[in-house]
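Q: Sharing a model that was predicted from the sequence below.
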Protein chains: 2
Amino acid sequence: MGVDIGGSNLRLALADRHGTIIGRWRTSTNETSSPEQVLQQIAQGVHDLLRKASLPRTALSAIAAGVPGVTDAERGVVIVTSYLKGWSHVSLQQLLESAFHVPAAIDNDVRLAALGEHWMGAARGIDDFVFLAIGTGIGAGIFANGQLIRGHTFTAGEVGYMYLPGGPLEPPRHGEPGALEQALGGEGIRQQWVKTSNSDPQVSALCATDVFARAACGDHLARGVLDLSAQLLAYAVYNISAVLNSSLFVLGGSIGASLQLIEATEHRLDSYAVPARPNLVISNLGTDAQLVGALRLALTTAQVRTKS
Amino acid sequence: MGVDIGGSNLRLALADRHGTIIGRWRTSTNETSSPEQVLQQIAQGVHDLLRKASLPRTALSAIAAGVPGVTDAERGVVIVTSYLKGWSHVSLQQLLESAFHVPAAIDNDVRLAALGEHWMGAARGIDDFVFLAIGTGIGAGIFANGQLIRGHTFTAGEVGYMYLPGGPLEPPRHGEPGALEQALGGEGIRQQWVKTSNSDPQVSALCATDVFARAACGDHLARGVLDLSAQLLAYAVYNISAVLNSSLFVLGGSIGASLQLIEATEHRLDSYAVPARPNLVISNLGTDAQLVGALRLALTTAQVRTKS
């Protein structure tokens, strides 16, 4: 069983031992959802999915969940998340194991998306790549030497905090978005647009991808916002690539999956081929990436724990 | 036997199986030194060191060398280096094995410095850290999950190419230093000083560390150059840390080992504690780091190849 816990949605997928999805289930969460509430929702989903597949409870061999926050994947603890406000040092792995009596594992959702892309998506067979999620927030799941990189306090890939030319320069504050996220996250791009188009309050209600779509239609104000976003993304990709020399960046999230943005960014990266020019592709698992990664983690967990 | 091939020096160290250095040897290289010339110099050094230690040739169990350039450590090939002009796709590992009839291995020198610091230096027992060399050039040796990260074309850690607020913005060119290196490398800092102090051509002959020393003595022009350098270094450390979440940065190279620079950088990093604040220390192996790393690589090579 794979679980994707989000700030507004909870999604489950049941797969067989080959990873083929045989059932899906979803419901809503919100920022006040407690661990106990989410656990009850997961229990409902597990029950429904097994029943629909006509499987007994004993058919479940493992469960893995992705969480939108800093997650200690080794000890199975959600350290902090800015989406589910009350969650702090939640032993989610243990809660899942107690509830379902099967081996459980958890990890950060962007990291699981990278795992999903590596298993069944755009990064299949690629040992050095970055999954870069750009939506409301910005985060990266990093593979190097064929392994996920988590860092010493599990915040590797928090690239929304990077400082780049043309971006904000104020020091970061607890609970607030980082410099790159302030400029390139959904709210940042919307604010750029509001500033740029302040003569017309109606169109300023556009979201980031609407702005990029307008740019594609020839709106030169929107084009300016798109160009600034592409320049920041090009710097981010180039700097991450200078550190890791990844061969591929898989872009996900509502903004990351924008064809206009990726084209404008590619155009800039063409001038930045030294010492290495990574390829950019849009995620082909889309919003399923996390869920597929959770299934992969569940399968590995089932195998490892059964052996030991 | 450990070998450090530099653009101006060639250094050898002979160690026992515990890594204790029992002899050292050095000579000069220059940018026109061919692989054959350097190999002859190494042969001379190996001969002298074994003779001084009263050891027969058969006592040598492996040899490893660090190279100042892009190095394919898997196939043992020096792909390119900007210090030894003629070197391109040199099968150095094979040349060493043919010359000495023992297992050989090679790697990039900054990566070997990281290996040295991990083995016997400031990063002993630390699985996620960055060795950052700042001298004429800028480069990083990266450990993540307890492993060296090399990247898909062996240019991981080429952080001298990063684009940072306040640094140069021109696209990078083949054979020229990257944006960060242009500003924070030895020549960059010297040029800053020449610009800042153009009223006094005599003192403008100062090198980077002289400028930092003047800053420490209260020279406010020099202080300005130091502050700019520290700000760039703080952004670089913070951005790399956002990607990798390394617990430690070990600073090496003539500029990286400057106490003035590290203090001014630490001061800035105190405002950048979110999501994680890495520690900064000066390398305690100093210019020996590469050589110690080469010895470590030689010992591993001896063990692995003897087994297989």
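A: Everything's here; your move. Numbering: from 1, shown residues only, chains lettered A, B, ... in the order given.

Q: can you pull out the helices in the stretch 151-300 of chain A?
A: A:179-184, A:186-196, A:208-216, A:220-244, A:253-256, A:259-269, A:289-307 (DSSP state H, counting those that start in this stretch).

Q: These: which one's closest to chain B?
A: Among these, the nearest to chain B by CB to the nearest CB is helix A:220-244 (4.5 Å). Just so you know, the C-beta spots here come from the backbone N, C-alpha and C atoms, and that holds for glycine as well.

Q: Could you list the domains of chain A?
A: Here the domain parsing of chain A from automatic domain parsing is A:2-113+A:288-307, A:125-284.

Q: Looking at those domains, spot the one closest to chain B.
A: Nearest of the domains of chain A (CB to the nearest CB): domain A:125-284, 2.3 Å.

Q: That closest one spans what distance, first to last residue?
A: End-to-end distance for domain A:125-284: 15 Å, by CA to CA, to the nearest Å.

Q: same thing with stretch A:238-255?
A: With CA to CA, one end of stretch A:238-255 sits 18 Å from the other.

Q: Could you do stretch A:4-21 as well?
A: This stretch, stretch A:4-21, spans 14 Å end to end (CA to CA).

Q: Count the residues that sit near A:Gly66.
A: Residues near A:Gly66, counting by other CB atoms under 10 Å in any protein chain shown, number 27.

Q: now A:Ser254
A: Under the neighbour criterion other CB under 10 Å, A:Ser254 is assigned a count of 15.

Q: doesn't A:Phe212 make contact with it?
A: No. A:Ser254 is beyond contact range of A:Phe212, at 10.3 Å (criterion: CB atoms under 8 Å).

Q: any chance of the domains of chain A in JSON lines, plus mean pLDDT?
A: Converted to JSON lines, the domains of chain A look like this (pLDDT from 0 to 100):
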{"stretch": "domain A:2-113+A:288-307", "mean pLDDT": "95"}
{"stretch": "domain A:125-284", "mean pLDDT": "93"}
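
Q: beta partners for the closest residue to A:Ser88 other than its chain neighbours?
A: Spatial nearest neighbour of A:Ser88, excluding adjacent residues (CB to CB, 6 or more residues apart in numbering or on different chains): A:Val80 at 5.6 Å. Under DSSP bridges, the beta-bridge partners of A:Val80 are A:Val70, A:Ser88.

Q: again, but for A:Thr27
A: Applying DSSP bridges, one finds that A:Thr27 bridges with A:Leu10.

Q: so it sits right up against A:Asp48, yeah?
A: No. Using CB under 8 Å, A:Thr27 is not in contact with A:Asp48, being 9.9 Å away.

Q: so which of the domains of chain A gets nearest B:Ala65?
A: domain A:125-284 (21.4 Å; CB to CB).

Q: B:His220 is nearest to which of the helices of the stretch 151-300 of chain A?
A: Nearest to B:His220, of all those, is helix A:179-184, at 29.2 Å by CB to CB.

Q: Close to chain B: what parts of the stretch 1-150 of chain A are there?
A: Contact residues, the stretch 1-150 of chain A versus chain B (CB under 8 Å from any CB of the partner chain): A:Val70, A:Asp127, A:Asp128, A:Ala140, A:Ile142, A:Ala144, A:Asn145, A:Gln147, A:Ile149, A:Arg150.

Q: Cool, thanks, signing off.
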